[in-house]
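# Got a predicted structure plus its sequence, pasted below:
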There are 2 protein chains.
Amino acid sequence: MTKPVKSSGTLFLIPSSLGSEYTDVVFPAAFSGFINTLEVFIVENARTARRFLKSAGYSKSFDDATFHIMDKHTSDTEQAAFLDEILTGRSAGLLSEAGCPGIADPGQQIVRYAHSLGIPVKPLVGPNSILLALMASGMNGQQFCFHGYLPIRKHQQVQKIKEIEKDAKGGGATQIFMETPFRNLSLAEEVIRQCSSSTLFCIATDLTMETEEIITKPVGQWRKDGLPKLHKRPCIFLLWYPGKKG
Amino acid sequence: MTKPVKSSGTLFLIPSSLGSEYTDVVFPAAFSGFINTLEVFIVENARTARRFLKSAGYSKSFDDATFHIMDKHTSDTEQAAFLDEILTGRSAGLLSEAGCPGIADPGQQIVRYAHSLGIPVKPLVGPNSILLALMASGMNGQQFCFHGYLPIRKHQQVQKIKEIEKDAKGGGATQIFMETPFRNLSLAEEVIRQCSSSTLFCIATDLTMETEEIITKPVGQWRKDGLPKLHKRPCIFLLWYPGKKG
């Protein structure tokens, strides 16, 4: 159905590690086989991308590889130009600093360009903190919303927390959000300050790492027990209230 | 912070295959190591669970393993009782028929019981069609909502499609939904009938399989090109409109 691109390569979407050193725990066995077919990479940071690729079993020389950098300074034209090599038949890998490209991470626009050019897109299986957290939360996995970062300004943040708690009530969609690691504790404190005692709050920390901790408790229980150490640890937060059905 | 359970086992959440025969493409190398530590399983169907475990490298005898069945007929009390063995120290694995337990699949309530009993929950990395589709769609991965199944009745279905298209507009959250495979085509037809020409519609079919196909096009383009063969193929549908920013 898509306009066929003659002898086009494929855009591989490569999840990267969430911080675990054990690649065999988070990446499929065939992962290194896929990345070893590639010599063109679109990455956030060349140094960390090289380090990751090496740890994931990339065995070719980086001297023969091209690294295109996508960051805040990369214009739309430059992003589209990264795909030129794919149009000539060379496959490329897109990877972000942690987790899945395009999900709470850059890369989305490049994938969109690929579709508009009829370039096949191949997502590889790997770790994703949102999904692992939802799966392990015990909350509604039939309907859920991911909000990314909540507003930083207190007044707006409080308003947003109340709004999403309302959406979560009565067996509604699980509400998922995150924060930069150094503001985690402050956000979690605001959640347990604002929400009803019986609303369930899940804190999923250090996912896929040896220090991984995923705990779901009613807000009232969190108030009694206190919050775990969250400072500078990557977290996913989830809110839900089972309602009559759950 | 959780009430410590003395010598409790762990509840492992085991993703299963989406239909790919190649386990090395979708499961981490360490996957078989994890499942081989287990002799208690909570599953939807014992026969398919055994077949899957075998293909994923389970090398123990099933004669020594216990399979608890969770389905529509399993009462809350029975579900909670499945965890008794974990409380005595034996770890258990929870798996559904395809994909991740608890995400668009049963298992959620058992995970919730585990949290209420202070049993550690360990989600394993594996394939998930929602996530793979979102990653590969080129749509907003900073905010997204998964709706599960849309209403079947035409009038309500049309209303829901219009509602989620509105939420997707102007760079809003990506709207993700699905349908039972034999109604896929009818739903996709309704989407391209109801939505604006410029709204982006992604159809992700047969994810992780050799026949995988992920295509994002404006609704107007789908109308011109026609829909791919969708009948009885598992699909994930995504709607989004980039707006000014995207």
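Perfect, thanks for sending it.
# By residue count, which helix of chain A is the longest?
The single longest helix within chain A, with elements called by DSSP state H, is helix A:154-168.
# For that one, name the packing helices and strands.
Judged by 3 or more CB pairs under 8 Å, 6 or more residues apart in numbering or on different chains; DSSP states H and E, helix A:154-168 is in contact with strand A:144-149, strand A:174-178, helix A:184-194, strand A:235-240. Using the backbone N, CA and C atoms, a C-beta is placed for each residue, glycine as well.
# Please state the mean pLDDT value computed over that helix.
Averaging pLDDT along helix A:154-168 yields 96.
# Return the set of buried residues in it.
For helix A:154-168, the neighbour count (16 or more other CB atoms under 10 Å in any protein chain shown) marks A:157-158, A:160-161, A:164-165, A:167-168 as buried.
# Next, the angle from it to helix A:184-194.
Comparing the axes of helix A:154-168 and helix A:184-194 via axes from the mean of the first three to the mean of the last three CA atoms, to 10 degrees yields an angle of 60 degrees.
# From residue A:240, how far out is residue A:169?
Using CB to CB, to the nearest Å, residue A:169 is found at 9 Å from residue A:240.
# Mind checking which of these two has more residues around it?
Ranked by neighbour count (other CB atoms under 10 Å in any protein chain shown), residue A:169 and residue A:240 place residue A:240 first, with 30 against 16.
# quick one: that one from residue B:113, how far?
Going from residue A:240 to residue B:113 by CB to CB gives 15 Å.
# ok, now residue A:41?
For residue A:41, the distance to residue B:113 - CB to CB - is 44 Å.
# ok, those two, which is more surrounded?
Between residue A:41 and residue B:113, residue A:41 has the larger neighbour count (other CB under 10 Å), namely 24 against 19.
# ok, that one touching residue A:58?
No - at 9.5 Å, residue A:41 does not count as touching residue A:58 under the criterion of CB atoms under 8 Å.
# which regions of chain A sit below the pLDDT cut-off?
Applying pLDDT under 70 to chain A flags residues A:1-6, A:244-246.
# All the helices of it, in order from the start?
Taking DSSP H to define them, one finds helices in chain A at A:23-26, A:31-35, A:46-55, A:76-81, A:84-87, A:108-116, A:129-137, A:154-168, A:184-194, A:219-225.
# Tell me which of these sits most buried.
helix A:129-137 (a mean of 28; mean count of other CB atoms under 10 Å in any protein chain shown).
# Helix B:129-137 and that one, what's the angle between them?
Using the same axes, to 10 degrees, helix A:129-137 lies at 170 degrees relative to helix B:129-137.
# Which residues does helix A:129-137 contact?
Helix A:129-137 is contacted by residues A:18, A:99, A:103-104, A:141, A:144, A:146, A:174, A:176, A:202, A:204, A:207-208, A:214, A:216, A:234, A:236, A:238, A:240, B:13, B:15, B:100-103, B:111, B:121-123, B:125, B:128, B:130-131 when judged by CB atoms under 8 Å, 6 or more residues apart in numbering or on different chains.
# can I get the helices of chain A in a markdown table with distance to residue B:71?
Below are those laid out as a markdown table (distance: least, CB to CB, whole Å):
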| stretch | distance to residue B:71 |
| --- | --- |
| helix A:23-26 | 30 |
| helix A:31-35 | 34 |
| helix A:46-55 | 41 |
| helix A:76-81 | 47 |
| helix A:84-87 | 45 |
| helix A:108-116 | 38 |
| helix A:129-137 | 19 |
| helix A:154-168 | 27 |
| helix A:184-194 | 35 |
| helix A:219-225 | 31 |
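# Say whether chain B is contacted by stretch A:213-229.
Yes - judged by CB under 8 Å from any CB of the partner chain, stretch A:213-229 comes into contact with chain B at A:214-217, A:225-228.
# Would you map out the domains in chain A?
Following automatic domain parsing, chain A resolves into domains at A:11-123, A:129-240.
# closest to residue B:196 out of the ones you listed?
Closest to residue B:196 of the domains of chain A is domain A:11-123 (CB to CB; 17.3 Å).
# which residues does the residue nearest to residue A:180 when sequence neighbours are not counted bridge with?
Spatial nearest neighbour of residue A:180, chain neighbours left out: residue A:149 (7.4 Å); criterion: CB to CB, 6 or more residues apart in numbering or on different chains. Residue A:149 forms beta bridges with residue A:178, as assigned by DSSP bridges.
# From residue B:123, how far off is residue A:149?
From residue A:149 to residue B:123 the distance is 23 Å (CB to CB).
# who has more neighbours, the two?
The neighbour comparison of residue A:149 against residue B:123 (other CB under 10 Å) goes to residue B:123, with 29 against 14.
# Check whether the more buried one really touches residue B:13, as I assumed.
Yes - if you go by CB under 8 Å, residue B:123 and residue B:13 touch, sitting 4.3 Å apart.
# intersection of neighbour lists for the two?
A:135-136, B:100.
# Can you give me the distance of residue A:107 to chain B?
8 Å (CB to the nearest CB, to the nearest Å).
# so what's the closest residue to that residue other than its chain neighbours up against?
Among residues not flanking residue A:107 along the chain, residue A:101 sits closest, at 3.3 Å (CB to CB, 6+ apart). Residues in contact with residue A:101 (CB under 8 Å, 6+ apart) are A:13-15, A:94-95, A:107-108, A:111, B:135.
# Repeat that for residue A:83.
The contact partners of residue A:83, taken as CB under 8 Å, 6+ apart, are A:11, A:92, A:110, A:113-114, A:117, A:119.
# That one and chain B, how far apart?
Residue A:83 sits 12 Å away from chain B when distances are taken as CB to the nearest CB.
# Over to residue A:224?
Taking CB to the nearest CB, one finds residue A:224 at 10 Å from chain B.
# one step back: which of the buried residues of helix A:154-168 lies closest to chain B?
Proximity of the buried residues of helix A:154-168 to chain B (CB to the nearest CB) peaks at residue A:167, which lies at 9.8 Å.
# I figured that closest one hits residue A:145, correct?
Yes - using CB under 8 Å, residue A:167 is in contact with residue A:145, at 7.1 Å.
# any common contacting residues for these two?
A:173, A:175.
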